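Undergrad: dropping the sequence and predicted coords here.
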Amino acid sequence: MTYGTKTAVDGLTLDVARHSITAVLGPNGAGKTTTLETCEGYRKPQAGTVRVLGLDPVAQRDELLPRVGVMLQGQGAWSGVRAMEMLRHIARLHADPIPVDLLAERLGLAECGRTPYRRLSGGQQQRLGLAMALVGRPEIVFVDEPTAGMDPAARRTTWALLRELRDDGVTVVLTTHYLEEAEQLADRVHIIDHGRLIASGSPLELTRGGSSATIRLVVTRPFPPGAPDSLRATLGADTEVVQLDERSLRLTGPADATTLAKVSRWCEENGVLPESLTLGQRNLEDVFLELTGRELSHD
């Protein structure tokens, strides 16, 4: 898929297993939105083929639509409509909808059911959008940023619901800027950048990284100038040192008691007082930064 001179999706090939939760991750502009919109039938690929539940999302749209749920980033609700009015309207468009009151109670919408959409909080709008995507009992549901704007309790309720859907045989495809969310939920993760697939696997497979481990050093005052280069020289070329902010560094590479001792000695020699020094395997955020060179923006 191209837009003028920009290639948004560049020979991308990936599969989503039935009855799974699959996360599609990528920096802004990586092509993930175009990819999902193509799967949802909103765009026709300029080259290549797309099949969802074995059907062409464009040529066989009428046959596919009743089997698919889509949670749009803009939600698709009218500004003045009340939350429950909108949900009941969407339910009436389906042959065998989930009971509306049951779904609303599950997602915490009953308390704001008579509130106009424009007056709902961001988290309430997200919950309504998710309910609209699920009410038709889809076989596959595409959810875009499902927990953006939600408080921690609502986020975990939504996670539980998505897991229940998967366990009931629904296929879930999600995009999210919360890497913890992808790590907690996804059976498989696809990371794309510049329109291409650059990594794919379960969260465990992506973060395993052999003998590589991560040390996070947080200090009480800002690091002195040149701290990353100085620490890198102390630890050797096998260790990558990245400054996350003025008071924290991430070290990736061989990590054992000797490495920790070297870091402690470097702090002492450079007048740096550690607030915390933690050792652990890489997480999905570490992998994402290594592969793309960019953080996953919340814009």
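TA: Arrived safely.

Undergrad: list the contacts of the lengthiest helix in the chain.
TA: Across the chain, the longest stretch assigned as helix under DSSP state H is helix 152-167. The contact list for helix 152-167 (C-beta atoms under 8 Å, 6 or more residues apart in numbering) reads 19-21, 106-108, 123, 127, 130, 134, 141, 143, 146-147, 150, 172, 174, 181, 184-185, 187. From N, CA and C alone the C-beta is placed, and that goes for glycine too.

Undergrad: residue 278 and residue 12: what is the separation?
TA: Going from residue 278 to residue 12 by C-beta to C-beta, to the nearest Å gives 36 Å.

Undergrad: could you give the number of residues near residue 221?
TA: Close neighbours of residue 221, defined as other C-beta atoms under 10 Å, add up to 11.

Undergrad: oh, that last question was meant for residue 208, not what I typed.
TA: Neighbour tally, residue 208, other C-beta under 10 Å: 13.

Undergrad: that older thread, quick one: buried ones out of the contacts of helix 152-167?
TA: Buried members of those, scored by 16 or more other C-beta atoms under 10 Å, are 21, 106-108, 123, 127, 130, 134, 141, 143, 146-147, 150, 172, 174, 181, 184-185.

Undergrad: past the helix or strand hosting residue 127, which element shows up next along the chain?
TA: If you go by DSSP states H and E, residue 127 is part of helix 122-134. Under the assignment DSSP H and E, the closest C-terminal helix or strand after helix 122-134 is strand 140-144.

Undergrad: who does that following strand pair up with?
TA: Paired with strand 140-144 in the same sheet, following DSSP bridges, are strand 68-71 (parallel), strand 171-175 (parallel).

Undergrad: list the buried ones in the helix or strand hosting residue 288?
TA: Assigned by DSSP H and E, residue 288 belongs to helix 284-292. Neighbour-count burial for helix 284-292, counted by 16+ other C-beta under 10 Å, picks out 284, 285, 286, 287, 288, 289, 291, 292.

Undergrad: how about the contacts made by the residue nearest to the last one when sequence neighbours are not counted?
TA: Across the structure, with C-beta to C-beta, 6 or more residues apart in numbering as the measure, the residue nearest residue 292 apart from its sequence neighbours is residue 193 (5.0 Å). If you count contacts by C-beta under 8 Å, 6+ apart, residue 193 has them with 26, 27, 30, 291, 292.

Undergrad: biggest separation within these, which pair?
TA: 30 and 291 (10.9 Å; C-beta to C-beta).

Undergrad: on that earlier part again, nearest to residue 69 among the contacts of residue 193?
TA: Ranked by distance to residue 69 (C-beta to C-beta), those are led by residue 26 at 22.1 Å.

Undergrad: that closest one contacts residue 189, doesn't it?
TA: No: using C-beta atoms under 8 Å as the test, residue 26 is too far from residue 189 to be in contact (10.7 Å).

Undergrad: show me how the chain divides into domains.
TA: 2-205, 210-281 (automatic domain parsing).

Undergrad: most tightly packed of the ones you listed?
TA: Highest mean neighbour count among the domains of the chain (mean count of other C-beta atoms under 10 Å): domain 2-205, with a mean of 17.

Undergrad: which strands or helices does the helix holding residue 288 pack on?
TA: Other elements packing on helix 284-292 under the criterion 3 or more C-beta pairs under 8 Å, 6 or more residues apart in numbering; DSSP states H and E are helix 179-185, strand 188-193, strand 196-201, helix 203-208, strand 248-254.

Undergrad: lowest average pLDDT across these?
TA: Among those, helix 203-208 carries the lowest mean pLDDT, at a mean of 82.

Undergrad: give me the contacts around that one.
TA: Contacts with helix 203-208, where a contact means C-beta under 8 Å, 6+ apart, come from 182, 183, 186, 189, 191, 199, 281, 282, 283, 284, 286, 287.

Undergrad: closest to residue 217 out of the residues you listed?
TA: Lowest distance from residue 217 to the contacts of helix 203-208 (C-beta to C-beta) belongs to residue 286, with 14.3 Å.

Undergrad: helix/strand/coil for the closest residue to that closest one other than its chain neighbours?
TA: Leaving aside its chain neighbours, residue 286 sits nearest to residue 214 (5.7 Å; criterion: C-beta to C-beta, 6+ apart). On the three-state scheme (DSSP: H, G, I helix; E, B strand; the rest coil), residue 214 is labelled strand.

Undergrad: hmm, residue 277 and residue 214 touching each other?
TA: No: judged on C-beta under 8 Å, residue 214 makes no contact with residue 277 at a distance of 11.6 Å.

Undergrad: coming back round to it: any chance of the buried residues of helix 284-292 in a markdown table, with pLDDT too?
TA: Output for the buried residues of helix 284-292, formatted as a markdown table (pLDDT from 0 to 100):
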| residue | pLDDT |
| --- | --- |
| 284 | 85 |
| 285 | 83 |
| 286 | 77 |
| 287 | 84 |
| 288 | 86 |
| 289 | 82 |
| 291 | 85 |
| 292 | 84 |
